[in-house]
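Participant: Need coordinates for the below:
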Amino acid sequence: MRWLPGIDTLRHYQGAWLPSDVFAGLVLATMLVPVGIAYAVASGLPGIFGLYATIVPLLVYAIFGPSRIIVLGPDSALAAVILGVVAPLAHGDSVRAVTLAAAMALVSGTVLILAGIARLGFVTELLSKPIRYGYMNGIALTVLISQVPKLLGFSIQSEGPLRDVWAIAGGISEGKTNWVAFVIGLATLVVILALKNNKRVPGILIAVVGATLVVAALDLGAKYGVKVLGPLPQGLPAFSIPWIGYGDLASVLAGGCAIAMISFADTSVLSRTYAARLGDKVDPNQEMVGLGAANLATGFFQGFPISSSSSRTPVAEAAGAHTQLTSVVGAFAIAFLLMVAPTLLQHLPNSALAAVVIAAAIGLIEIGDLKRIYRIQRWEFWLTVLCFVGVAVLGAIPGIGLAIVVAVLEFLWDGWRPHSAVMGRARGVRGFHDIKRYPDARLIPGLVLFRWDAPLFFANAEFFRERILDAVAKSPTQVRWLVVAAEPVTSVDVTACDLVAELDQTLHARGIELCFAELKDPVKDKLKRFGLHAQLGEAYFFPTIGAAVSSYLKINKVDWQDWEDAEDRVDIAS
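Facilitator: Residues are numbered from 1 along each chain as shown. Here you go, the predicted model:
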């Protein structure tokens with residue numbers, strides 16, 4: 001049952017939930033249809049495939065997904081990534097575009113399932129909040145740019161965000177704008193944004209239905225050339241294996257992996273949020289498996305990559321959803337529409353679909369928290385800007401790759417060049433502290449207390465040696481002992497141990513004893529296995545800094561007094 005949480009939920013299902021789940025599913029379906037079609041078009045695919053990519057994931061996640069009310073389906077955050085792969089390879093061939101997108105779903109699904117089984121649910125935590133803001137803002141801008149031509153009633157060949165802007169400007173200057181389509185799209189966008197925060201009023205449904213009725217009643221498609229969706233094919237998605245050529249493999253693999261990272265990052269945050277609200281516990285690894293199974297299934301049934309939705313999930317919650325039965329009902333409602341009334345939305349204008357996607361993209365943009373980041377940590381703000389520019393200039397796939405590289409470099413930098421400090425006894429403060437923060441701190445003659453604030457490993461070992469030798473060189477008195485305050489050192493590797501052994505020999509040649517204080521037992525055990533513990537000697541490992549100082553003073557008989565004022569006197573062993 002751990003691998004099939006939906007079945008476990010069904011076993012404990014309460015009859016009182018049924019009316020609410022059914023009602024919420026029907027309400028949800030009214031939003032899923034226009035949004036699914038809109039995101040398919042934004043991804044460079046025919047609208048019908050957005051419904052295929054909605055039905056199958058909802059059913060599969062209901063079985064494999066651990067969250068009770070998360071709604072899956074096509075997502076605006078993925079549209080730019082899918083379009084970035086599909087558009088250059090398909091060259092306007094819709095059948096080829098569908099095949100490529102389905103192959104990306106298979107890749108992302110496989111990656112997610114394997115990562116979930118391997119219990120790698122923590123990997124998305126490597127992407128810090130500023131980096132996530134940067135690439136999501138970049139994706140939002142990319143999506144906005146891609147939808148502007150549709151909003152204006154004409155089309156361009158997408159060649160990247162910057163070139164698209166130039167092509168849009170050229171289309172406007174050449175008089176390609178269809179003002180009737182633009183007015184309809186703009187009105188749709190205004191209605192959606194105006195009703196966005198009202199959970200009880202389905203703003204997207206009202207706006208899309210209104211636009212459809214206006215176009216149908218006034219026959220704007222025939223009279224003014226307003227492009228419309230047209231009748232949808234009747235029937236349900238069929239099983240199909242998306243065969244692609246070797247020339248497409250690299251782009252599809254890169255796009256699928258990027259989608260796996262983005263979709264799980266968004267889904268894990270959303271699932272944790274609702275789990276906390278509902279008092280549930282969500283396993284991030286099972287979340288990966290559930291999301292991966294949904295992507296894998298939709299890839300085999302004419303769909304494309306999907307993710308969780310931060311806009312549709314609140315709709316399900318507000319409508320009274322208790323379990324994933326809501327998603328099942330929504331999926332069956334869409335299937336019923338395709339079987340019985342495929343022409344219902346034939347007059348839906350493309351500019352209204354563009355408005356739906358633009359509204360979603362605007363929702364992805366984060367400004368407020370970036371102001372806070374700018375105030376408290378300027379360099380992380382510029383990290384956000386770098387990732388944003390990378391996506392906006394290079395495109396979604398290279399930009400996300402840049403964001404991942406930056407995330408790894410950020411992670412390594414903190415361990416590569418960590419903070420270190422020489423410590424002394426500060427007036428009126430217990431213990432020993434950084435002499436840069438406490439300039440009046442007293443140093444014990446002949447003793448250097450050196451704190452290293454990171455694990456000790458191959459990337460920072462040489463820097464560790466340099467900082468220690470620098471501390472020795474800057475000591476105002478002849479150094480006899482150097483004590484490493486090692487409480488922050490959580491790990492050590494072979495490279496670092498070998499370097500510490502060489503450092504001990506270098507210091508010993510100068511008449512300096514190398515000591516360690518507050519070293520954790522697991523790290524000390526490693527030193528024993530590496531032979532470093534025997535080289536330094538048990539007598540030079542101390543449980544606390546105070547014990548090391550007391551031992552130094554006792555052995556070397558140094559003439560040194562602590563702060564003597566009664567109100568500031570502190571026992572040296574504290």
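
Participant: what stretches of the stretch 151-300 of the chain score poorly on pLDDT?
Facilitator: 199, 273, 276-279 (pLDDT under 70).

Participant: show me where it has helices.
Facilitator: 161-173, 179-194, 203-218, 220-224, 246-278, 284-300 (DSSP state H, counting those that start in this stretch).

Participant: For the third one, name the packing helices and strands.
Facilitator: By that I understand helix 203-218. On a contact count with 3 or more Cβ pairs under 8 Å, 6 or more residues apart in numbering; DSSP states H and E, helix 203-218 meets helix 18-42, helix 179-194, helix 350-364. Quick note: C-beta positions are derived from backbone N, CA and C, even for glycine.

Participant: Highest mean neighbour count out of the helices of the stretch 151-300 of the chain?
Facilitator: Most buried of the helices of the stretch 151-300 of the chain by mean neighbour count (mean count of other Cβ atoms under 10 Å) is helix 284-300; its value is a mean of 26.

Participant: Partner strands of the very next helix or strand once past that one, with direction?
Facilitator: Next along the chain after helix 284-300, taking DSSP states H and E as the criterion, comes strand 307-308. If you go by DSSP bridges, strand 307-308 pairs up with strand 72-73 (antiparallel).

Participant: following the partner strand, which helix or strand comes up?
Facilitator: Following strand 72-73 in sequence, per DSSP H and E, is helix 76-90.

Participant: in the next helix or strand after that next one, what's buried?
Facilitator: If you walk from helix 76-90 toward the C-terminus, the next helix or strand you reach (DSSP H and E) is helix 94-117. Neighbour counts over helix 94-117 (16 or more other Cβ atoms under 10 Å) mark 96-113, 115-116 as buried.

Participant: next one: stretch 395-412
Facilitator: Neighbour-count burial for stretch 395-412 flags 395-404, 406-407, 410 (criterion: 16+ other Cβ under 10 Å).

Participant: Likewise for stretch 467-483?
Facilitator: Buried residues in stretch 467-483 (16+ other Cβ under 10 Å): Arg467, Ile468, Ala471, Val472, Ser475, Val479, Arg480, Trp481, Leu482, Val483.

Participant: What about these, which are in strands?
Facilitator: Counting by DSSP state E, the buried residues of stretch 467-483 place Trp481, Leu482, Val483 in strands.

Participant: Let's have those residues in TSV, adding distance to Ala355.
Facilitator: Converted to TSV, those look like this (distance: Cβ to Cβ, whole Å):
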residue	distance to Ala355
Trp481	72
Leu482	67
Val483	66
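
Participant: and which of those residues is nearest Ala53?
Facilitator: Val483 (61.9 Å; Cβ to Cβ).

Participant: so that closest one sits right up against Phe542, yeah?
Facilitator: Yes. Counting by Cβ atoms under 8 Å, Val483 does reach Phe542; the two are 7.4 Å apart.

Participant: residues shared between the contacts of those two?
Facilitator: Residues touching both Val483 and Phe542 (Cβ atoms under 8 Å, 6 or more residues apart in numbering): Cys515, Phe516, Ala517, Ala548.

Participant: Dump those residues to TSV, plus distance to Thr212 and neighbour count.
Facilitator: Output for those, formatted as TSV (distance: Cβ to Cβ, whole Å; neighbours: other Cβ atoms under 10 Å):
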residue	distance to Thr212	neighbour count
Cys515	78	25
Phe516	74	22
Ala517	74	23
Ala548	78	24
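
Participant: follow-up on the earlier one: greatest separation within the buried residues of stretch 467-483: which pair is it?
Facilitator: Across these (Cβ to Cβ), the longest gap, 19.1 Å, separates Arg467 and Arg480.

Participant: Out of the ones in strands among the buried residues of stretch 467-483, which comes closest to Ala496?
Facilitator: Distances from Ala496 to these, taken by Cβ to Cβ, are shortest for Leu482, at 16.4 Å.

Participant: what residues are up against that closest one?
Facilitator: Leu447, Val448, Phe450, Ile468, Ala471, Val472, Leu507, Ile512, Glu513, Leu514, Cys515.

Participant: per-residue confidence for the residue nearest to it when sequence neighbours are not counted?
Facilitator: Among residues not flanking Leu482 along the chain, Val448 sits closest, at 4.6 Å (Cβ to Cβ, 6 or more residues apart in numbering). Reported pLDDT at Val448 in the predicted model: 95.

Participant: Could you list the paired strands of whichever strand or helix holds Val448 along with their orientation?
Facilitator: Val448 belongs to strand 447-452 when assigned by DSSP H and E. Neighbouring strands of strand 447-452 in its sheet, by DSSP bridges, are strand 420-425 (antiparallel), strand 481-485 (parallel).

Participant: mind putting those strands in TSV, mean pLDDT included?
Facilitator: Output for the strands paired with strand 447-452, formatted as TSV (pLDDT from 0 to 100):
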stretch	mean pLDDT
strand 420-425	93
strand 481-485	96
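
Participant: Tyr135: which of these is closest?
Facilitator: Between the strands paired with strand 447-452, strand 420-425 lies closest to Tyr135; by Cβ to Cβ that is 32.6 Å.

Participant: following the closest one, which helix or strand comes up?
Facilitator: Next element after strand 420-425 (DSSP H and E): strand 432-434.

Participant: Excluding its own residues, what touches that next one? List them.
Facilitator: By Cβ under 8 Å, 6+ apart, strand 432-434 touches Ala421, Val422, Met423, Gly424, Arg425, Ala426, Ala441, Leu449, Arg451, Ala485, Ile545, Val549.

Participant: Name the residues of that strand that come out as buried.
Facilitator: Of the residues in strand 432-434, those buried (16+ other Cβ under 10 Å) are Phe432, His433, Asp434.

Participant: Quick check: beta-bridge partners of the second one?
Facilitator: Under DSSP bridges, the beta-bridge partners of His433 are Gly424.

Participant: ok, residues contacting stretch 168-185?
Facilitator: For stretch 168-185, using Cβ under 8 Å, 6+ apart, the contacting residues are 145, 148-154, 156, 211, 214-215, 220, 224-227, 349-352, 354-355.

Participant: Select only the buried ones of those residues in ChimeraX?
Facilitator: The ChimeraX command for the buried members of the contacts of stretch 168-185 (criterion: 16+ other Cβ under 10 Å) is given here:
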select :145,148,149,150,151,152,153,154,156,211,214,215,220,226,227,349,350,351,352,354,355
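
Participant: which one of the helices of the stretch 151-300 of the chain lies closest to Pro34?
Facilitator: helix 203-218 (4.3 Å).

Participant: what residues does the closest one touch?
Facilitator: 30-31, 34-35, 184-185, 187-189, 191-196, 220-221, 226, 228, 345, 347-349, 351-353, 355-356, 359.

Participant: Repeat that for stretch 443-452.
Facilitator: 418, 420-425, 432, 434-435, 464, 467-468, 471-472, 475-489, 545, 548-549, 552-553, 556, 558-560.

Participant: The residue nearest the centre of the chain and Ala105, how far apart?
Facilitator: The centroid of the chain falls nearest to Ala265 when counting by Cα atoms, centre = their mean (3.8 Å). Distance of Ala265 to Ala105, computed by Cβ to Cβ, to the nearest Å: 17 Å.

Participant: Could you do Val472 as well?
Facilitator: 59 Å.

Participant: Show the end-to-end separation of stretch 457-464, please.
Facilitator: 9 Å (Cα to Cα, to the nearest Å).

Participant: I'd like the mean pLDDT over that stretch, please.
Facilitator: 91.

Participant: re earlier: among the shared contacts of Val483 and Phe542, which lie within helices?
Facilitator: Among the shared contacts of Val483 and Phe542, the ones falling in helices (DSSP state H) are Ala548.

Participant: In the shared contacts of Val483 and Phe542, find the pair that's most separated.
Facilitator: Top of the distance list for the shared contacts of Val483 and Phe542 (Cβ to Cβ): Phe516 and Ala548, 8.4 Å.
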